[in-house]
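S.K.: Need a 3D model of the sequence below.
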Amino acid sequence: MTLLGVRVDAVNRVGLLDRVAGMIHARGRSTVAYVNVHVLNVAAADPALGAFLADADLVYCDGGGVVLGARLLGQALPERMTGADWIWDLAARAEAAGWHIYWMGGEPGVAAEAARRLQERHPRLVIATAHGYSKDDDAVVAAMNAFAPDLVLVGMGTPLQERWVAAHRAAIDAPVVWVTGATADFVSGKVSRGPAWLHDRQEWLARLLVDPTRLWRRYLVGNTVFLGRVLRERARR
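M.R.: I've put the predicted structure just below:
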């Protein structure tokens, strides 16, 4: 399906991981991305981000606002899939299949702590990490390739992470590169998702309550802008 000019694959969490597993098995060069309200708003004004999403092999829904927007336009998405939820299922699959994961992103130490927590639950998981603030991208890519990953996770926030992957995807010798946003921040415990009863229903509100100073514009202004775009598209149709 297409939402506000961006293709979104209508997959659920099991289907998402099945698709990724198929890409790893195919041993090609695939890229996985997500959209939430913030990503769609940025893409509307950022042609490079729009091109990245158009070129990605899989684009899934990572936000309840996108599910609502699709519904208002007469379309359906099965669910929203946030990285902090599916990362545990991915770790279980990787452990069972013997996939090597390289996780890059966050401030120094954040991805390493997130990986440590995954390995507490999945001790045979093979994973290496790097932070997202290196000044030597060539060295980072060389380290990735030396690790021989099946899957590379890149989490530096939109649009920085998408720009980084677009610039370096051809040089990364991994079947799948997947942009993951702030997943490492949540898994490591650096950032709270807010009350579980709330983030399971309205994650944007839970995150806003945790960090209102940084996120009020993204959610209060951004959600309003997004809803306006959806309603204009609905009226046009």
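
S.K.: residues contacting Val154?
M.R.: Taking C-beta atoms under 8 Å, 6 or more residues apart in numbering as the contact definition, Val154 lies against Met104, Gly105, Gly132, Gln161, Trp164, Val165, Val177, Trp178, Val179, Thr180. Every residue, glycine included, has its C-beta placed from N, CA and C.

S.K.: in the one helix or strand the fifth one maps to, what's buried?
M.R.: Counting by DSSP states H and E, the secondary-structure element that holds Trp164 is helix 160-168. Buried residues in helix 160-168, counted by 16 or more other C-beta atoms under 10 Å: Gln161, Glu162, Trp164, Val165, Ala166, His168.

S.K.: Tell me the pLDDT of the nearest residue to Leu58 once chain neighbours are set aside.
M.R.: If the residues on either side of it in the chain are set aside, Leu58 comes closest to Val32, at 4.7 Å by C-beta to C-beta, 6 or more residues apart in numbering. Each residue has a pLDDT score; the one for Val32 is 98.

S.K.: Surely Val32 is in a strand?
M.R.: Yes: under DSSP: H, G, I helix; E, B strand; the rest coil, Val32 sits within a strand.

S.K.: Hmm, it is touching Gly181, no?
M.R.: No: assessed by C-beta atoms under 8 Å, Val32 is found out of contact with Gly181, at 12.0 Å.

S.K.: returning to what we had before: run through who's touching the helix holding Trp164.
M.R.: The contact list for helix 160-168 (C-beta under 8 Å, 6+ apart) reads 31, 33, 48-49, 51-53, 105, 132, 137, 141, 154-156, 177, 179-181.

S.K.: For PyMOL, what selects the buried ones among the residues you listed?
M.R.: Command for PyMOL that selects the buried part of the contacts of helix 160-168, burial taken from 16+ other C-beta under 10 Å:
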select buried, resi 31+33+49+52+53+105+132+141+154+155+156+177+179+180+181
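
S.K.: how close does Ala84 get to Glu107?
M.R.: Computed as C-beta to C-beta, to the nearest Å, the Ala84 to Glu107 distance reads 17 Å.

S.K.: more neighbours, these two?
M.R.: Neighbour totals were compared for Ala84 and Glu107, and Ala84 leads with 19 against 13 (other C-beta atoms under 10 Å).

S.K.: Can you pull the phi and psi angles for Met104?
M.R.: Dihedral pair for Met104: phi -120, psi 130, per degrees, to the nearest 10.

S.K.: so what's it closest to, chain neighbours aside?
M.R.: Spatial nearest neighbour of Met104, excluding adjacent residues (C-beta to C-beta, 6+ apart): Ala130 at 4.5 Å.

S.K.: And for Ala70?
M.R.: That would be Leu77: by C-beta to C-beta, 6+ apart, it lies 4.9 Å from Ala70.

S.K.: Helix, strand, or coil at that neighbour?
M.R.: Here Leu77 is recorded as coil under three-state DSSP.

S.K.: Many thanks, I have nothing further to ask.
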